[in-house]
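*Asks:* here you go, sequence then predicted model.
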Amino acid sequence: MNRRSLLVLLGLATAGSAQAGRARTGRASPSPIRGSGRSGGLPFQPVPTPLPLPLDGLSAAEQRRHYGQVRLEDRLVVPAGYRADLLAVWGDPLGDGSFGYNNDHLAYLALAPGQALLTVNFEYISPLPWAEGLGEARGLSLPLEQLQAALADRNSRVDATALASGDPLLAMVKEVAGAALEDLGIGVAGLEQGPEGRWRRQPGRFDRRISGLSGLQDPAQALRASGPAAAVFRAERRLGYDDGLGERIIGTFANCAGGTTPWGTVLSAEENIQKEVCEAVYADGSSLDPSELPFHWDGRRLRGLGNPFALAGNKYGWIVEVDPRRPQRPAVKHTALGRCRHEAVAVKAQAGQPLVLYSGCDRHGGHLYRFVSAGRVRDPLDPANSALFSAGRLEVAQFGAGGQGRWIPLLPSTALAPQLPSHYQRWGLSQATRLPDPDRRQPGAVDLSSDAEVKRYREQFSTLASLYPGTGDAQLGAILIDAHLAANAVGATAAARPEDTVFDPATGDLLIAFTAGGADREGRADPAIFSGPAGEPTWPHGWVMRLSESTASAGGFRWQMVAVGGLPWEGGMGFANPDNLEVDGAGNVWVVTDRSSGASPAEAFGNNSCWVLPRRGPARGEALCFATGPMECELTGPCFDSAEHTLFLAVQHPGEVHGSRRAQEVSRHTTALVARDGAGFEQERWVPTGSNWPSGVPGRVPRPGIVAISRQTGGPLLP
């Protein structure tokens, strides 16, 4: 990544017209900051990584010696002079339930001096460590082995909705699926600041748990829906499944990224709902029958959790608003914001202007969305602004290769203009165009592999109104429920897994983390926009983009790719798969990474990590590693306290692949690296097998948790 692009990322340089689009990058070659063992003029002493980096202060020969043998660590490593205090772990008491599994997005809300709330997302179940730890964390003894044996002759799956009420198999399925759904959702936890300035858990009246089953037993705990899709939920007649609940919704799960509003509420994004409920819908927005996604348990995979409880899939995949200070207020799913595999939530509220929200769909070929409210903001701090999420215009981004872009509204009148399969052929790629099934009595999508097929499709359907029947809110609601396919149909750019959006306070621009450019059977990132430093059409290591626009009323924007993940000798910054972003008050950009825990092109990068891109000082525009996580984990949800003396981080899914580490088990790997002079060498690497975080005790189960990182001497996190 060239230095100029990184300065643009930090708002320290202005991109000229020739650079407004992609930042083409060569090998990273900044001047090394010598003596990396001392912090020198850096804001902190960077944490060691297993890769030779441009800023490590070593010559090529020294890099070959220093990185020749490396041992990864099963612990959270922070810079010298810092400490990480454990605040909460899976299974701790929280509200009327317990601290959930696989904590993700965090949102800090100050209440009074020394008192605060932390809102936490609980995303999904990692079956192996979850099954190992149920006894220790939650005091549960589930019939996991009996259920696995009972399903062995059923291909490890069963449609629980077809079982008789007295069937012992149904009881086992509901017990296991219920325990898993109770470990998902959203939590609100009280914090207090000790006399030494460090934060710790302090249970109080605001503590709360909203789980995947909230409202199942007590209707008063059900979530509610705002916006157009509520008309679909309460329709008397429909093409698909009716759960009989009208606008009421049972629980929330797959809660991944999120955001906060200026008036103090928290927005939680439901992401990979397709693993637990049916994602495909009919033309009128109604859901498939829950029987279409059976419950599955084979000892390694746990899926279809919604099946035993007959959950309607069209009620999941939304952005959920929670007010941490009002525990009696039901959480709301705002359907005007669209339904997809939501990540990346950033809210802009300016007096006299519409309320604007940016979000993304985290899938290969997913899209970047913008919501513009119909009403206008009077006071950005007024809680009444929540009502503005109920009505407005959802738009989807179309990126031009020259650095321009436009927002396409997802309205009935919008014309169809899907991307043609031939678009990908110039890169030697084969990619079908996925569109709503042309038989509008059938749910889901079809893949059209030729331009001729797409042309015939457009002759049959000219606008979104011709694809989605009905009028008024019922028609708009159906479009919004099927937002991903509707966006494909109108020509939105297939993006590279947009996972976070944050505003740069210095410029007001939007920074977007695109985690990986690749493909699966459902889609592919557009290589005209998302290509590697040397033009590679598939780049698995991700990017950060800067998006600039004048006002919410403007239909266009400018974009520039300003940071790229990847190996330094291939043009990357030394980290892989940027996921969550945060910008502190001084303008420093914080990045946490999400590379796969299994074998992948990112294996060379070692454990997932947290990086800082300083705005000022000798490392301005470079990347400094601030923390590395335990084995097989992901670091998520970075946020700060009001004084920015503390960084809160979530440690998600430690030990996800191998579960508990026993007897200091390690495996040996050989990794090919490149030194500063361009010469390759091999690294011998010892990797712990599994995890024991946070206890560090061999054989003890790993447990996801939240940490508070601060300077040992107190004061600002970065001086």
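*Replies:* Thanks, I have the structure now.

*Asks:* low-confidence regions, the stretch 1-150 of the chain specifically.
*Replies:* Judged against pLDDT under 70, the low-scoring parts of the stretch 1-150 of the chain cover residues 1-40.

*Asks:* mind redoing it with 50?
*Replies:* Applying pLDDT under 50 to the predicted model, the residue ranges of the stretch 1-150 of the chain that meet it are 1-4, 12-38.

*Asks:* show me the helices in it, by range?
*Replies:* Here the stretch 1-150 of the chain has its helices, by DSSP state H, counting those that start in this stretch, at 3-9, 60-66, 127-138, 144-151.

*Asks:* which secondary structure elements does the longest one contact?
*Replies:* Put plainly, it is helix 127-138. Other elements packing on helix 127-138 under the criterion 3 or more CB pairs under 8 Å, 6 or more residues apart in numbering; DSSP states H and E are helix 168-182. Any C-beta I mention is one placed from the backbone N, CA and C, and that applies to glycine too.

*Asks:* other SSEs contacting the very next helix or strand once past the helix it packs on?
*Replies:* From helix 168-182 onward toward the C-terminus, using DSSP states H and E, the following helix or strand is strand 185-193. Contacts defined by 3+ CB pairs under 8 Å, 6+ apart place strand 185-193 against strand 82-89, strand 115-122, strand 199-201, strand 208-210, strand 319-322.

*Asks:* now with 6 Å?
*Replies:* Judged by 3 or more CB pairs under 6 Å, 6 or more residues apart in numbering; DSSP states H and E, the packing partners of strand 185-193 are strand 115-122, strand 208-210.

*Asks:* any chance of CSV for those, columns mean neighbour count and distance to His669?
*Replies:* What follows is those, written out as CSV (neighbours: other CB atoms under 10 Å; distance: least, CB to CB, whole Å):
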stretch, mean neighbour count, distance to His669
strand 115-122, 26, 32
strand 208-210, 25, 40
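
*Asks:* can you redo those as TSV with distance to Thr493?
*Replies:* Below are the helices and strands packed on strand 185-193 laid out as TSV (distance: least, CB to CB, whole Å):
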stretch	distance to Thr493
strand 115-122	27
strand 208-210	34
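
*Asks:* nearest to Arg237, of those strands?
*Replies:* With distances scored as CB to CB, the stretch of the helices and strands packed on strand 185-193 nearest to Arg237 is strand 208-210 (31.2 Å).

*Asks:* pLDDT of the closest one, averaged?
*Replies:* When pLDDT is averaged along strand 208-210, the result is 98.

*Asks:* now what about it, what contacts it?
*Replies:* Applying CB atoms under 6 Å, 6 or more residues apart in numbering, the set of residues contacting strand 208-210 from outside is 94-95, 97, 185-188, 327, 331.

*Asks:* possible to save the helices of the stretch 1-150 of the chain as a markdown table with mean neighbour count?
*Replies:* Rendered in a markdown table, the data for those read as follows (neighbours: other CB atoms under 10 Å):
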| stretch | mean neighbour count |
| --- | --- |
| helix 3-9 | 21 |
| helix 60-66 | 16 |
| helix 127-138 | 21 |
| helix 144-151 | 16 |
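
*Asks:* for the ones you listed, which one sits closest to Ala254?
*Replies:* Using CB to CB as the criterion, the shortest distance between Ala254 and the helices of the stretch 1-150 of the chain is 15.1 Å, found for helix 127-138.

*Asks:* quick one: closest of the helices and strands packed on strand 185-193 to Leu147.
*Replies:* Closest of these to Leu147 is strand 115-122, at 22.5 Å (criterion: CB to CB).

*Asks:* make JSON lines from the helices of the stretch 1-150 of the chain and add distance to Thr265 to it.
*Replies:* As requested, the helices of the stretch 1-150 of the chain are arranged in JSON lines below (distance: least, CB to CB, whole Å):
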{"stretch": "helix 3-9", "distance to Thr265": "29"}
{"stretch": "helix 60-66", "distance to Thr265": "48"}
{"stretch": "helix 127-138", "distance to Thr265": "29"}
{"stretch": "helix 144-151", "distance to Thr265": "37"}
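
*Asks:* from Pro630, how far out is the closest residue to Arg662 other than its chain neighbours?
*Replies:* Counting by CB to CB, 6 or more residues apart in numbering, the nearest residue to Arg662 once its immediate chain neighbours are dropped is Gly699, at 5.0 Å. When CB to CB, to the nearest Å is the yardstick, Gly699 and Pro630 sit 15 Å from each other.

*Asks:* the more surrounded of those two?
*Replies:* Pro630 (26 against 12; other CB atoms under 10 Å).

*Asks:* which residues touch that one?
*Replies:* Residues counted as contacts of Pro630 (CB under 6 Å, 6+ apart) are 74-76, 654, 691, 693.

*Asks:* assign a three-state SS to it, would you?
*Replies:* coil (DSSP: H, G, I helix; E, B strand; the rest coil).

*Asks:* could you report the pLDDT at it?
*Replies:* 98.

*Asks:* any idea how far Gln146 is from the closest residue to it other than its chain neighbours?
*Replies:* Excluding its sequence neighbours, the residue lying closest to Pro630 (CB to CB, 6+ apart) is Trp693, at 3.7 Å. Between Trp693 and Gln146 the computed distance is 30 Å (CB to CB).

*Asks:* which of the helices of the stretch 1-150 of the chain sits closest to Gly532?
*Replies:* Once CB to CB is applied to the helices of the stretch 1-150 of the chain, the stretch that comes out nearest is helix 3-9, at 14.0 Å.

*Asks:* residues in contact with Val322?
*Replies:* When contacts are counted by CB under 6 Å, 6+ apart, Val322 is found next to 186, 266, 331.
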